[in-house]
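[1] Quick one: sequence plus predicted model below, questions after.
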There are 2 protein chains.
Amino acid sequence: MQDLHTEQNRQANIEETIVSGVLSARIRPGTRLSENQLATLFGVSRTLVREAMMRLETRGIVQVSPRRGWFVVEPSAEEAMTVYAARRVIESGLLRSMRGLTDDGRKVLDAHLDEEKAAMAAGDRRRLTCLMGDFHIRIAELHGNPILVEIMRDLTARTILISMLYQSEFHAAQSHRGHCRIFEAMAEGDFVRAAELSIEHLDEVETGLDLTARADPLSDLRTSLSLPADTASKTSRRSGARKT
Amino acid sequence: MQDLHTEQNRQANIEETIVSGVLSARIRPGTRLSENQLATLFGVSRTLVREAMMRLETRGIVQVSPRRGWFVVEPSAEEAMTVYAARRVIESGLLRSMRGLTDDGRKVLDAHLDEEKAAMAAGDRRRLTCLMGDFHIRIAELHGNPILVEIMRDLTARTILISMLYQSEFHAAQSHRGHCRIFEAMAEGDFVRAAELSIEHLDEVETGLDLTARADPLSDLRTSLSLPADTASKTSRRSGARKT
DNA sequence: CTTTTCTTGCTTGTATGCAAGATTTACATA
DNA sequence: TATGTAAATCTTGCATACAAGCAAGAAAAG
């Protein structure tokens, strides 16, 4: 079955493999994605890998550094804030435009929240990261608009990369409560409130990030040496990330 | 200056040339985009053209029909409704999240509305189509979130293709009034109202489309002959194009 | 005259080859 | 030991070659 899919559309396969790797928090930001390695890994030529990379680049998930290589994006602090702002806009708009919750939808979300709880109990951080993102994709799916689902999936992928970069400690319980509250409002049919809650929730998560520290990985050293902030040190910003 | 840009990044050049061709309503939906023709036109090999096409495909602007060719997308009636729904969600969310309008922003929108008026007076339909889309991109730009600007641009491109397919008569005056109302609300700082107005506006525009007629290009003939609607005639839809 | 089959040209799909920049390694030298 | 430099080895960028599918028209069969 998977062979079929592999045979049918190999470049889409590469693309989705990488995306799901990011969505499941198994691929770290800054990971080098060598065209040759991927080519041999998937049993194709560099051409198909390259095409997949092109697509992923327009989706904001990978980036090419000319003649140096492809890397999973490492969103800057500024980009991180942009992603969260976009999510607030889209998710609140999404919830606000919803008119009702089907029984099926109710079940889906309920099951999802149970999974979150289970992952929390198990202390499975990676799985939690994944689930926390999935919740929002589920909502987009309930809304039923495939364009918005796609957008939300890509934004969620970036969000996960952001959390891997900037999330010092994981306030999973807080996030989970946020999701529960949103769900309750939805279940009551109060989508205006759900929208407001989603904004609050995203604000909380964003505030929980350490957006000043990791924005400049030298800041620790810099502050220890009490040097001024150096705006021209962009070149060294990648040192620690690659060579998987 | 353009030579410089051409030399620097030729594939992005191809990509943006096509997008701006769509945004300015100079490229019709269903237009064939031959890799060879584009390659000679831009003086590059098929490789770069292909990479540009890959990017445009993930942006929802072109589509490949296997072994047949690349085409500018022809959104179905269903896809058209999806695009408008997505726009309602995003634009209303966008406006609702705005906190104020700078003097600069006020000027930009004011100038834009003047342009709309001028184009209406001149009866320049193509320019109007272009401006009507641009208005919404301007708002996203005012919001300042580059991610949302990108999303809005791609959705606007699709919207223009939709209007070329389904807009029998152009209610330009109505759209213009809608834009004016949104602007007034924004100028008054009433972004909640602006958001509501944007939803109304998009609803109006969508309602103005002929989403049933052109969904089946044979319907004219069919109704003239008073034949029943044929659900199995999907194959003959758009003689020259795809097979998805 | 209609239908079928075949052929030819055009399209994309994929792999490969080569050039050129970037990085690292090795090494000579102070 | 530290340092500067050159060579070797990576990387992507882009063009090209060839395979294979689709479509339309010609030729042949009915």
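    That came through, no problem.

[2] interface residues of chain A facing DNA strand C?
    A:10-11, A:44-48, A:66-68 (C-beta under 7 Å from any atom of the strand). Where you see a C-beta, it was placed from the backbone N, CA and C, and this is true even at glycine.

[3] What subset of those residues is buried?
    A:10-11, A:44, A:48 (16 or more other C-beta atoms under 10 Å in any protein chain shown).

[4] now, which of the residues you listed lie within helices?
    Judged by DSSP state H, the subset of these located in helices is A:10-11, A:48.

[5] With distance to A:Gly105 and pLDDT added, can I get those in TSV?
    What follows is those, written out as TSV (distance: C-beta to C-beta, whole Å; pLDDT from 0 to 100):
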residue	distance to A:Gly105	pLDDT
A:Arg10	35	88
A:Gln11	33	89
A:Leu48	37	97
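
[6] for the residues you listed, which one is nearest B:His171?
    Nearest to B:His171 out of those is A:Gln11 (C-beta to C-beta; 42.3 Å).

[7] Grab the nearest non-local neighbour of that closest one.
    Closest residue to A:Gln11 apart from its sequence neighbours, by C-beta to C-beta, 6 or more residues apart in numbering or on different chains: A:Leu48 at 4.5 Å.

[8] now swap in A:Arg126 and tell me
    Distances taken as C-beta to C-beta, 6+ apart place A:Ala25 nearest to A:Arg126, at 4.9 Å, with adjacent residues excluded.

[9] Now do the SS call for that neighbour.
    coil (DSSP: H, G, I helix; E, B strand; the rest coil).

[10] need the contact list for it.
    By C-beta atoms under 8 Å, 6 or more residues apart in numbering or on different chains, the contact list for A:Ala25 reads A:126, A:129-130, A:160, A:164.

[11] same question, A:Ile90
    Going by C-beta under 8 Å, 6+ apart, the list of residues near A:Ile90 reads A:148, A:151-152, A:155, B:89-90, B:93.

[12] burial measure for the residue of chain A found nearest chain B, as a count.
    Relative to chain B, the nearest point of chain A is A:Gly93 (2.8 Å; C-beta to the nearest C-beta). Neighbourhood size, A:Gly93 [other C-beta atoms under 10 Å in any protein chain shown]: 27.

[13] swap in the one 5 residues further on?
    The burial count assigned to A:Met98 is 18, neighbours taken as other C-beta under 10 Å.

[14] what's the pLDDT at it?
    Looking at A:Met98, its pLDDT stands at 97.

[15] That one and A:Met186 touch, don't they?
    Yes. Between A:Met98 and A:Met186 there is a contact at 7.4 Å, judged by C-beta atoms under 8 Å.

[16] Find residues that contact each of those two.
    Shared contacts of A:Met98 and A:Met186, defined by C-beta under 8 Å, 6+ apart, comprise A:Ala194.

[17] how far out from the middle of the chain is the helix or strand containing A:Glu150?
    Using DSSP states H and E, A:Glu150 falls within helix A:146-166. When distances are taken as C-alpha atoms, centre = their mean, to the nearest Å, helix A:146-166 is centred 3 Å away from the chain's centroid.

[18] tell me the average confidence for that helix?
    On average, the pLDDT along helix A:146-166 is 97.

[19] Just want the angle from that helix to helix B:146-166.
    Put simply, helix A:146-166 runs at 170 degrees to helix B:146-166, going by axes from the mean of the first three to the mean of the last three C-alpha atoms, to 10 degrees.

[20] Any part of helix A:146-166 near chain B?
    Yes. Where contact is defined by C-beta under 8 Å from any C-beta of the partner chain, part of helix A:146-166 touches chain B, namely A:146-148, A:151, A:155.

[21] got it, and stretch A:51-65?
    Yes. With C-beta under 8 Å from any C-beta as the criterion, chain B is reached by stretch A:51-65 at A:51, A:54-55, A:57-60.

[22] Outside of that stretch itself, list whatever touches it.
    Stretch A:51-65 is contacted from outside by A:11-12, A:14-15, A:18-19, A:22, A:33, A:35, A:38, A:70-73, A:154, A:157-158, A:238, B:50-51, B:54-55, B:57-59, B:147, using C-beta under 8 Å, 6+ apart.

[23] any chance of the residues of helix A:146-166 next to chain B in a markdown table, plus neighbour count?
    Converted to a markdown table, the residues of helix A:146-166 next to chain B look like this (neighbours: other C-beta atoms under 10 Å in any protein chain shown):
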| residue | neighbour count |
| --- | --- |
| A:Pro146 | 14 |
| A:Ile147 | 21 |
| A:Leu148 | 25 |
| A:Ile151 | 25 |
| A:Leu155 | 24 |
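
[24] farthest-separated two in these?
    A:Pro146 and A:Leu155 (14.9 Å).

[25] hang on, A:Gly30 in a helix?
    No. Using three-state DSSP, the secondary structure at A:Gly30 is coil, not a helix.

[26] A:Ala86 reaches A:Thr156, doesn't it?
    No. In this structure, A:Ala86 is not within contact of A:Thr156 by C-beta under 8 Å, at 11.3 Å.

[27] Tell me which of those two has more neighbours.
    Counting neighbours by other C-beta under 10 Å for A:Ala86 and for A:Thr156 shows that A:Ala86 has the greater number, 26 against 23.

[28] Now the more buried one: closest residue in space, sequence neighbours ignored.
    B:Ile147 (4.4 Å).

[29] Quick one: classify A:Gln63 as helix, strand or coil.
    Assigned with three-state DSSP, A:Gln63 falls in the strand class.

[30] What's opposite it in the beta bridge?
    With DSSP bridges applied, A:Gln63 shows beta-bridge pairing to A:Phe71.

[31] Tally up the residues packed near it, please.
    16.

[32] Distance of A:Met54 relative to B:Leu56?
    10 Å (C-beta to C-beta, to the nearest Å).

[33] What of A:Ser163?
    For A:Ser163 relative to B:Leu56 (C-beta to C-beta), the value is 31 Å.

[34] cool, A:Met164 as well?
    30 Å.

[35] So which of these two has more stuff around it?
    Legend: neighbour count by other C-beta under 10 Å for A:Met164 and B:Leu56, higher for B:Leu56 (26 against 19).

[36] residue contacts, the spatially most central residue of chain A?
    For chain A, A:Ala157 is the residue whose C-alpha lies nearest the centre (C-alpha atoms, centre = their mean; 2.6 Å). Shown in contact with A:Ala157 (C-beta under 8 Å, 6+ apart): A:19, A:22-23, A:59, A:61, A:133.

[37] That one and A:Lys107, how far apart?
    Counting by C-beta to C-beta, the gap from A:Ala157 to A:Lys107 is 26 Å.

[38] Would you mind pulling up the elements that the helix or strand containing A:Arg181 packs against?
    According to DSSP H and E, A:Arg181 maps onto helix A:172-187. Helices and strands touching helix A:172-187, by 3 or more C-beta pairs under 8 Å, 6 or more residues apart in numbering or on different chains; DSSP states H and E, are helix A:103-122, helix A:125-143, helix A:191-207.
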